[in-house]
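In: would you be able to build a 3D model of this:
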Amino acid sequence: MDPLEALVLQVVEQLEWVHPWAFLLLPLPVLMRLLPAYRERRDAVRVPFFKRLLDASETQPQRGAMLLIRRRGQTVLIALMWLSLILAAAKPQWLGTPIEQQKAGRDLMIAVDLSGSMETQDFTQPDGQAVDRLEAVKTVLRQLANERPGDRLGLIVFGNNAYLQSPFTEDHAAWLVLLDETRIRMAGPSTALGDAVGLAIKLFKDAETEHRVLLLLTDGNDTGSLVPPVDAARVAAAENIRIYPIAVGDPTAVGEEAIDLETLSRMADVTGGQAFEALDSADLAAVFELLDTLEPNIFDSVSFRPRTDVHWFPLALVVGLYLLLRAAAWLWPIPRVGASE
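Out: Below is the predicted model:
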């Protein structure tokens, strides 16, 4: 392929027209020539010595019109001006080189129980320090946020009611700040498990990604949600949301602090997820390592081409051609030819 063909091919590939219908106006000047010629009447001055003027100028009176004869070069300039105006009206855009970006491929909502029982200090940090259940959960979630750059993270906290702490975001640093600000009982002392799932469903409906996962960390059982947890899980399954409940703490506890393992397991089964138990920090870390296998990082590639408006170029060409036409008319006046009727 010679350089000229390569250049033409590049222009065809990278030039796009926003209003291509404007090219339908190209034959308009040709159609205008089919219309009757424009005629203009002018007032005449009557003079008593008209006969003497004719004799002096040695001309004969006649009826008719004056026709302007354009030179071929002027016709070409006018045609180029019209073509440039059509090109500008079509609004050409120059397409740049395609740019590919990676964006989050999964929405991962994490719902954390902040009921009073989360203050029980039955977890141990790697350095041997005893911490409450919430702090143990925070430690593992910090690691999760740092190791999953392909996910958009959200955060729900629940107690008596469920509240949104962080919407879905790819800014994991901001998400970690909001996680650190959570405190036990800040959402109430109870456990509205079903309401947390319901709030997550509402947030997932507004999301655009197809891969939707809810991690549900709790150390108790549902205490009066508006929607029973299993019913909420069925709605989640209809919205293509997988739930991974994680029971945190002592499964032998009784009363309101007892963990309803059966309900958590049913919620996971309904949505295609899996239920886990974490009795200590090691178990909790192992659960999240397993989640990395069940829900690996996903990245979606987004490709776009930058667009630059170049309609100013044919407009500038119109101005240049007009000035050239005016200069030609001044240097070489258009001759006038008489035509009888």
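In: just say helix, strand or coil for Gln165.
Out: strand (DSSP: H, G, I helix; E, B strand; the rest coil).
In: so which strand or helix has the residue lying closest to it once chain neighbours are set aside?
Out: Spatial nearest neighbour of Gln165, excluding adjacent residues (CB to CB, 6 or more residues apart in numbering): Leu155 at 4.2 Å. C-beta: built from backbone N, CA, C; applies to glycine. For Leu155, the host element (DSSP states H and E) is strand 151-158.
In: give me the residues contacting that strand.
Out: 104-114, 145, 162-170, 172, 175, 178-179, 182, 186-187, 191-193, 195-196, 199-200, 203, 207, 209, 297-298 (CB atoms under 8 Å, 6 or more residues apart in numbering).
In: in its sheet, what does that strand sit against?
Out: Strand 151-158 has its sheet partners listed here by DSSP bridges as strand 106-113 (parallel), strand 162-169 (antiparallel).
In: which of these sits closest to Leu53?
Out: The stretch from those with the least distance to Leu53 (CB to CB) is strand 162-169; that distance is 92.0 Å.
In: remind me which residues of the stretch 101-250 of the chain are low pLDDT?
Out: 101-105, 250 (pLDDT under 70).
In: how far does the strand holding Leu155 sit from its chain's centre?
Out: 22 Å (CA atoms, centre = their mean, to the nearest Å).
In: show me which residues of that strand are buried.
Out: Buried positions in strand 151-158, judged by neighbour count with 16 or more other CB atoms under 10 Å: 151-158.
In: present these as CSV; the columns should include distance to Gly249.
Out: Converted to CSV, those look like this (distance: CB to CB, whole Å):
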residue, distance to Gly249
Asp151, 26
Arg152, 29
Leu153, 23
Gly154, 24
Leu155, 20
Ile156, 19
Val157, 17
Phe158, 16
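In: quick check, nearest of those residues to Leu324?
Out: Arg152 (58.1 Å).
In: distance check, that closest one against Ala162.
Out: Using CB to CB, to the nearest Å, we find Arg152 at a distance of 19 Å from Ala162.
In: and the contacts of strand 151-158, which of them are buried?
Out: Buried among the contacts of strand 151-158 by 16+ other CB under 10 Å: 104-114, 145, 162-163, 165-166, 168, 172, 175, 178-179, 182, 187, 191-193, 195-196, 199-200, 203, 207, 209.
In: got the buried residues for stretch 209-229?
Out: Neighbour-count burial for stretch 209-229 [16+ other CB under 10 Å]: 209, 211-222, 225, 227, 229.
In: just those: which are in helices?
Out: Pro229 (DSSP state H).
In: among the buried residues of stretch 209-229, which one sits closest to Ala130?
Out: Asp219 (15.8 Å).
In: just give the nearest non-adjacent residue to the closest one, would you?
Out: Residue nearest to Asp219 in three dimensions, not counting chain neighbours: Gly249, with 3.9 Å by CB to CB, 6+ apart.
In: same question for Ile259.
Out: In space, and not counting its chain neighbours, Ile259 is closest to Ala247: 4.7 Å by CB to CB, 6+ apart.
In: I'd like the next helix or strand past the strand or helix carrying the one you found.
Out: Element membership of Ala247, judged by DSSP H and E, is strand 241-248. Following strand 241-248 in sequence order, the next helix or strand is helix 261-271 (DSSP H and E).
In: that next one packs against which elements?
Out: strand 211-218, helix 229-238, strand 241-248 (3 or more CB pairs under 8 Å, 6 or more residues apart in numbering; DSSP states H and E).
In: got the domain ranges for this structure?
Out: The chain breaks down by automatic domain parsing into domains covering 3-33+62-97+307-340, 101-302.
In: okay, those domains in CSV with distance to Ala56 next?
Out: Compiled in CSV, the domains of the chain are given as follows (distance: least, CB to CB, whole Å):
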stretch, distance to Ala56
domain 3-33+62-97+307-340, 17
domain 101-302, 85
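In: okay, these, which one's buried deepest?
Out: Most buried of the domains of the chain by mean neighbour count (mean count of other CB atoms under 10 Å) is domain 101-302; its value is a mean of 18.
In: relative to the whole chain's centre, how far out is it?
Out: 29 Å.
In: closest to Glu289 out of the buried residues of stretch 209-229?
Out: Closest to Glu289, out of all of the buried residues of stretch 209-229 and judged by CB to CB, is Leu215, at 13.6 Å.
In: wait, what's in contact with the closest residue in space to the closest one that isn't next to it in sequence?
Out: In space, and not counting its chain neighbours, Leu215 is closest to Ile110: 4.7 Å by CB to CB, 6+ apart. Neighbour list for Ile110: 141, 144, 153-156, 214-215, 217 [criterion: CB under 8 Å, 6+ apart].
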